[in-house]
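Participant: Okay, here's the prediction I keep looking at, along with the sequence it came from:
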Amino acid sequence: MDILSNILNVLITIIVFFTIILIHELGHFLTAKAFRMKIYEFSIGMGPRLFSKKTRTTTWSFKLLPIGGAVQLGEDLESDDPNDFRQKPVWQRMIVIVAGAVMNLILGFAVCIVSICADSSIATTRLSEFYDTAVSVQALMPEDEIVEINGMPIWTTTDISYCLQNKAARYDEQQGVAYFDMKVKRNGETVALTVPFAAVTADNRNGYSVTIDFKVWAERKDVFTVVGAAGKMFLTEARLIWISLSDLITGTYGLNDLSGPVGVVSTMASALEQSRLNIMSLSSFLTLVALITINLGIFNLLPIPALDGARFVFLLIEAIRRKPIPAEKEGWVHFIGFAALMILMLIVTFNDIVKLIAPPQ
C-alpha cells in the first residue's frame, strides 16, 4: 500500500466514521426540532473547538477529537423556558433521547442492503457440495440446511463461521477433530447431528481452528431476497455485538482486545484498500461499516451513565414516579460516567497506537 493510497483510504474512512456520527446526532437534532426544543449546540467531535458558528439559538461546532459528537439540549439544566428539554413532556424527551441510536440502526440496515447488493450473490445456509478432504461429510449431506450449531440459531454464513471457530462442543486433540452439535433441515425434517470438522492446534482462545470443508448454495437476487438477506445480516451483526459485550463482561476478552477510533479507522482503511484492489471485497468493507454503525446504536442504548440509554432510564423513572430526578444529581451521575468513558477511551486509544507501531507477531 503506497503512501498516497494509504492517506486516501484513511481520509475516506474518517469521512465514513464522521458520517455515522453525524447520522446519530441528526436523530437527536431532528426530533428535538420537531418538538420545538431549544438546541444550545450541535457538535461533531469532542474536545476543543476547531471552529464554530453561532446562529440565533444554536452554536454549530467542529471539534478536535474525532471520537463522537453531541446535541446539547440543556438536559441537566433547570429552567423555566417552555422550550427547554426538561420542560417538555417526558414521552417527547424519551423519543429525542433514543432517536440517535434508532437512526444508527436504520443506517445499519440500509448499509446491509447495499452490502448484499454489492456482493456477487446471496449466500444461503444450505449446503451445495463438499471438498475432497471434507470431514464433516461423515454427518452432513448436500442440500442440508444448517439451522442451529451448539444451540445457537443460524441465520447467515457469518453465523456458521463464528460458531465453527468459537463454539466446539468438544475437541479431540489426538485425532485433530472438533465436534459440533448441529441441527439441520433434511428432506423437510429437522435432524440433530454431531458433526466432526478437521481442526489444527492454533494460538487462540479455543486452542484450535476449524477447516470449513463445504460450500453453500447461492440465492437469486430480487427485491425480496435482498431485503430478507439484509434483515438476517442485521440480526447477525447485532447478535455478535451482544455476544462480544457478554464476553467482555465475563473476562473472555480484555482491554487489549478493544479498539477505539484509531483502531477502527485502521481496520476500515485496510478493508477499504482490499475493496479497491478487489471489487468483490467491497461487500466486506460495507459489512464492517454496518457492524460499526449497528454497534454505535446498540452501545448508546446501554444503561451506562453519560450514554443515551442511561438518560432514557432516568426518564423512565420520572414517568413512573411522576416526578423528575433533580437536574444537578442526574448531571453528576452522567459526569462521572463520562469521565470513566474518557479514561477508558484514552487506554484503548493508547493500545491502538501501540498495536500500530509494534503489531503483534
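Facilitator: Looks like it arrived, so ask away.
Participant: Quick one: neighbours of residue 165, just the number.
Facilitator: The tally of other residues near residue 165 (other Cβ atoms under 10 Å) stands at 18. Quick note: C-beta positions are derived from backbone N, CA and C, even for glycine.
Participant: so it is in which element?
Facilitator: Per DSSP states H and E, residue 165 falls inside helix 157-166.
Participant: Flag the shaky bits of the stretch 151-300 of the chain, pLDDT-wise.
Facilitator: Residue ranges of the stretch 151-300 of the chain with pLDDT under 70: 167, 201-208, 251-281.
Participant: rerun that using 80 as the cut-off
Facilitator: Counting by pLDDT under 80, the ranges of the stretch 151-300 of the chain that qualify are 166-169, 173, 200-209, 246-284.
Participant: which ones are touching the closest residue to residue 29 other than its chain neighbours?
Facilitator: With Cβ to Cβ, 6 or more residues apart in numbering as the criterion, residue 29 has its nearest non-adjacent residue at 5.1 Å, and that residue is residue 71. When contacts are counted by Cβ atoms under 8 Å, 6 or more residues apart in numbering, residue 71 touches 25, 28, 29, 32, 39, 41, 42, 43, 100.
Participant: do that again at 7 Å, thanks
Facilitator: Shown in contact with residue 71 (Cβ atoms under 7 Å, 6 or more residues apart in numbering): 25, 28, 29, 32, 39, 42.
Participant: That one belongs to a strand?
Facilitator: Yes: counting by DSSP: H, G, I helix; E, B strand; the rest coil, residue 71 is part of a strand.
Participant: Counting neighbours, which of the contacts of residue 71 comes out on top?
Facilitator: Within the contacts of residue 71, neighbour counts (other Cβ under 10 Å) peak at residue 28, which reaches 26 neighbours.
Participant: okay but that one is in contact with residue 98, surely?
Facilitator: No: with contacts counted by Cβ atoms under 7 Å, residue 28 stays clear of residue 98, the gap being 9.3 Å.
Participant: coming back round to it: list the beta-bridge partners for the residue nearest to residue 29.
Facilitator: Residue 71 has these beta-bridge partners by DSSP bridges: residue 42.
Participant: ok, back up a step: nearest to residue 165, of the contacts of residue 71?
Facilitator: Comparing these against residue 165 with Cβ to Cβ places residue 25 closest, at 36.0 Å.
Participant: would you say the closest one is within a strand?
Facilitator: No: under three-state DSSP, residue 25 falls outside any strand and is assigned helix.
Participant: could the contacts of residue 71 be laid out in TSV, adding distance to residue 88 and pLDDT?
Facilitator: As requested, those are exported to TSV (distance: Cβ to Cβ, whole Å; pLDDT from 0 to 100):
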residue	distance to residue 88	pLDDT
25	19	93
28	13	95
29	15	95
32	9	95
39	12	92
42	18	92
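Participant: For stretch 323-335, list every residue counted as buried.
Facilitator: 324, 327, 330, 333, 334 (16 or more other Cβ atoms under 10 Å).
Participant: Skip the chain neighbours and tell me the closest residue to the first one.
Facilitator: Put plainly, it is residue 324. Using Cβ to Cβ, 6+ apart and skipping residues adjacent in sequence, the residue nearest residue 324 is residue 318, 4.6 Å away.
Participant: How many residues are close by that neighbour?
Facilitator: Neighbour number of residue 318 under other Cβ under 10 Å is 17.
Participant: what's the helix or strand for it?
Facilitator: Per DSSP H and E: helix 308-321 holds residue 318.
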